[in-house]
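> Fold the stuff below for me.
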Amino acid sequence: MMNLKKGWSKFIWIVSGILLVLLLGTVFLFMELRASLIPDEKEMEKATEQAEQYLQTKYPEMKYEISDVSYNSEQKSGNYDYAAMVIDTETQKSFMVYENRKTGKMEDDISIQEEEEFLKQVKPKIDSYINQKFGEAKGISLTASYEVGGIPSLNIGLNNNKEEVSEEMFLSFINYLQNELKIEHAHVSIMYDNENELWNKSY
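Model prediction:
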């Protein structure tokens, strides 16, 4: 009977120890996660100072105010950790100024916003061209690069089989994008009905 009590007591101690370790581990992970979601005040101040210097050099005539600093807590996404949120007080347009995590250089997203607006304007023309030259498309998506120095992506799904669309037709479409619509650079992908064949080109 005594041995049974000792064995039961030992079992309780082992289970209690495991539960305590799990609890402490959970608390530690929670604290780490919470800390990663809270912006660093010094880094926010640094982002503001860097943005001020950048704006004075890049846009010396611009009248602006820095309204806030955005913290990118998901550091694996995007290309910045901290970004100053800037308002052009004459146009009331807002944009971000930040240090690019990959290059270490300061940049802004004005060019990306302009690219998005431009692509939105030319998208109906692309839709019309595809439907006239290739037939009704299953889907057409045109997205900006979301990265300074990157290129937009144009992905098209067709009901055709690949042999129904010649290389000449594909290159004519690239020429249309580049010379008629003035999309200087893009990654273009046309996928066919069987989804295993495609035309694919960056220019």
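
> from here on, contacts and neighbour counts on C-alpha atoms
Will do.

> residue ranges with poor pLDDT in this structure?
Along the chain, segments meeting pLDDT under 70 span 1-13, 15-17, 19-37, 75-77, 162, 194-196.

> tell me the centre residue of it?
Gly78 (5.0 Å; Cα atoms, centre = their mean).

> Once you drop chain neighbours, what's closest to that residue?
Spatial nearest neighbour of Gly78, chain neighbours left out: Asn72 (7.8 Å); criterion: Cα to Cα, 6 or more residues apart in numbering.

> got the contact list for that neighbour?
By Cα atoms under 8 Å, 6 or more residues apart in numbering, the contact set of Asn72 is 78, 80-82.

> Now render the residues you listed as TSV, adding distance to Thr89.
Output for the contacts of Asn72, formatted as TSV (distance: Cα to Cα, whole Å):
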residue	distance to Thr89
Gly78	26
Tyr80	24
Asp81	25
Tyr82	22
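
> Which one of these is nearest to Ile156?
Lowest distance from Ile156 to the contacts of Asn72 (Cα to Cα) belongs to Gly78, with 25.1 Å.

> what does stretch 158-171 contact?
Outside stretch 158-171, the residues within contact range by Cα under 8 Å, 6+ apart are 134-139, 190-194, 197-199.

> Mind listing what's buried along stretch 149-156?
Buried residues in stretch 149-156, counted by 16 or more other Cα atoms under 10 Å: 151-154, 156.
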